[in-house]
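Enquirer: Kindly generate the corresponding structure for this input.
(one chain, ligands or ions: 1)
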Amino acid sequence: MRVSRAWIPVVTLAIIFAVVGCERSSPLTPAKEAATAPDAKPKKTYQDLIVGYAQLGAESEWRSANTVSVKEAAEALGVELKFSDAQQKQENQIKAIHSLIAQRVDVIGVAPLTETGWDEVFTEAKAAGIPIILVDRRAAVPPDLYATLMGSDFLEEGRKAARIMADLTNGQASIVELVGTIDSAPANDRYKGFREVLQSYPDMKIIDSRSGDFTVAQGKEVMEGFLKKHGKTITAVYAHNDDMALGAIKAIEAYGLRPGVDIKIVSVDAARGAFEAMIAGKLNATVECNPLLGPRFLELALKVANGETVPKWVPSEEGVFFPDNAKEILPTRKY
Ligand code: AHR
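Expert: Numbering: from 1, shown residues only. So this is what the prediction gives:
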């Protein structure tokens with residue numbers, strides 16, 4: 001068919017409109033889609049996740065179990081883990097977080113040594129777009145500076161310890177308290193929770209209270225000091241963790257008294273050492289605080305790295321343990 005020259009511009013325009021119009025109204029081609037989709041970042045998997053973990057130290061059986069849990073979970077899931085141990089010094093932990101920010105990891109897990117002093121470094125992580133997950137311990141920072149907190153209800157642990165102590169002593173006791181690391185969330189809350197319950201027991205008195213920094217050695221040393229000062233007036237020990245209770249047991253024996261009998265002892269963690277002490281009749285109860293947080297930490301890290309919403313607090317479920325069935329339970333304990 002021949003088209004007259006006069007029709008050529010009209011036909012050309014019609015073809016152009018048809019092509020442009022068609023492109024506008026047709027679904028986007030895959031190439032166009034990739035270029036214009038607002039959130040085109042592919043989802044991360046465990047295998048391409050890089051996670052930092054700024055551990056505070058290795059002060060207790062609990063802490064060692066926590067470290068093992070995080071390392072084993074990373075290994076099992078194929079997550080690249082950059083682990084550091086601050087050896088109980090906040091400045092080391094802050095340095096470690098700076099280094100993780102510089103390495104541009106996807107997520108940083110922190111077990112904060114103390115509650116205070118984190119605003120600046122967490123703000124730097126936020127500015128770099130790296131989410132912080134608080135593992136085990138709280139930090140006193142505005143909520144926008146961390147993605148989630150996972151761990152125990154330390155306040156409730158303190159309350160549980162006080163209720164058990166009230167039962168053991170029929171509501172009459174002269175208690176010495178071995179406090180954890182000063183300014184740490186567990187020490188602050190276990191201190192408060194215990195006193196909250198004691199308000200209902202006027203004949204239970206805390207006659208002395210000092211930090212043993214969550215270690216066996218300092219628990220022993222502080223207990224020696226208590227015994228020197230108060231002697232047989234002491235009828236009960238409340239230790240903020242099992243390690244300090246084990247230290248106190250040594251001091252009480254060296255003083256010539258029977259731990260668990262002459263002096264009732266309640267501690268927190270439910271680590272294997274506490275079960276052994278209960279079996280030996282030297283510890284009266286332990287309140288559980290679960291350190292096996294590794295798998296859940298990495299599950300949350302993956303979600304956070306992929307921009308998914310997570311709860312602001314993921315609490316652990318925990319029980320209490322007594323000597324009567326400690327022997328049967330010990331083989332089932334993983335820490
Ligand atoms: O933050 C948890 C506490 O820290 C544990 O109770 C104690 O043993 C550890 O050192």
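Enquirer: Report the separation between Ala270 and the ligand.
Expert: 10 Å (CB to the nearest ligand atom, to the nearest Å). In this view, the C-beta of every residue, glycine as well, is placed from N, C-alpha and C.
Enquirer: typed the wrong thing, it's Lys228
Expert: Taking CB to the nearest ligand atom, one finds Lys228 at 25 Å from the ligand.
Enquirer: before we move on, what about Glu276?
Expert: Relative to the ligand, and taking CB to the nearest ligand atom, Glu276 is found at 16 Å.
Enquirer: In terms of helix, strand or coil, where does that residue fall?
Expert: Of the three states, Glu276 takes helix according to DSSP: H, G, I helix; E, B strand; the rest coil.
Enquirer: Might one say that it is in contact with Leu330?
Expert: Yes. Between Glu276 and Leu330 a contact is recorded at 7.3 Å, counting by CB atoms under 8 Å.
Enquirer: quick one, phi/psi of the residue nearest the centre of the chain?
Expert: The chain has Asp136 as the residue nearest its centroid, 1.3 Å off, counting by CA atoms, centre = their mean. Backbone torsions of Asp136, given as degrees, to the nearest 10, read phi 80, psi -60.
Enquirer: mind listing what it touches?
Expert: For Asp136, the contact set (CB atoms under 8 Å, 6 or more residues apart in numbering) comprises Asn66, Ala111, Met150, Gly151, Ser152, Pro291, Leu293.
Enquirer: Touching, the first one and Gln55? I think so.
Expert: Yes. Taking CB under 8 Å as the contact criterion, Asn66 and Gln55 are neighbours in contact, 7.4 Å apart.
Enquirer: follow-up on the earlier one: would you mind measuring from the residue nearest to the centre of the chain to the ligand?
Expert: 5 Å.
Enquirer: Could you pick out the residues of this structure near the ligand for me?
Expert: 59-60, 62-63, 136-137, 186, 214, 241, 243, 268-269, 289 (CB under 6 Å from any ligand atom).
Enquirer: wait, which of those is closest to Tyr46?
Expert: Ranked by distance to Tyr46 (CB to CB), the residues of the chain next to the ligand are led by Asp136 at 21.4 Å.
Enquirer: What is the neighbour count of Ala173?
Expert: Other residues lying near Ala173 total 24 when counted by other CB atoms under 10 Å.
Enquirer: all strands for this structure, in order.
Expert: Along the chain, counting by DSSP state E, strands occupy 50-55, 80-85, 107-110, 132-135, 148-151, 173-179, 204-211, 236-239, 264-269, 285-288, 313-315, 320-321.
Enquirer: Now do Lys41, the pLDDT please.
Expert: Listed pLDDT for Lys41 reads 78.
Enquirer: Contact partners for it?
Expert: Applying CB under 8 Å, 6+ apart, no residues contact Lys41.
Enquirer: do you know how far it is from the ligand?
Expert: Distance, Lys41 to the ligand, by CB to the nearest ligand atom: 35 Å.
Enquirer: Gly158 now?
Expert: 11 Å.
Enquirer: Tell me where the stretch 101-250 of the chain is predicted with low confidence.
Expert: For the stretch 101-250 of the chain, no stretch has pLDDT under 70.
Enquirer: mind listing the helices in it by residue range?
Expert: Here the stretch 101-250 of the chain has its helices, by DSSP state H, counting those that start in this stretch, at 119-127, 154-169, 185-198, 216-230, 242-255.
Enquirer: can I get these in CSV with mean neighbour count and distance to Val179?
Expert: Converted to CSV, these look like this (neighbours: other CB atoms under 10 Å; distance: least, CB to CB, whole Å):
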stretch, mean neighbour count, distance to Val179
helix 119-127, 16, 25
helix 154-169, 21, 11
helix 185-198, 22, 5
helix 216-230, 19, 9
helix 242-255, 24, 9
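Enquirer: what's the spacing between Asn284 and Ile329?
Expert: 15 Å (CB to CB, to the nearest Å).
Enquirer: between the two, who's got more neighbours?
Expert: More crowded of Asn284 and Ile329, by other CB under 10 Å: Asn284, with 25 against 16.
Enquirer: Look up how far Ile97 lies from the nearest residue to Pro186 once chain neighbours are set aside.
Expert: Spatial nearest neighbour of Pro186, chain neighbours left out: Phe154 (4.6 Å); criterion: CB to CB, 6 or more residues apart in numbering. Relative to Ile97, Phe154 is positioned 23 Å away (CB to CB).
Enquirer: Likewise for Leu246?
Expert: 32 Å.
Enquirer: same check, this time on Trp62
Expert: Trp62 is 22 Å from Ile97, by CB to CB.
Enquirer: buried ones in stretch 282-298?
Expert: The neighbour-count check on stretch 282-298 (16 or more other CB atoms under 10 Å) flags 282-294, 296-298 as buried.
Enquirer: Can you name the residues in contact with stretch 139-146?
Expert: Against stretch 139-146 from outside (CB under 8 Å, 6+ apart): 110, 112, 115-116, 118-119, 122-123, 125-126, 131-134, 185, 312.
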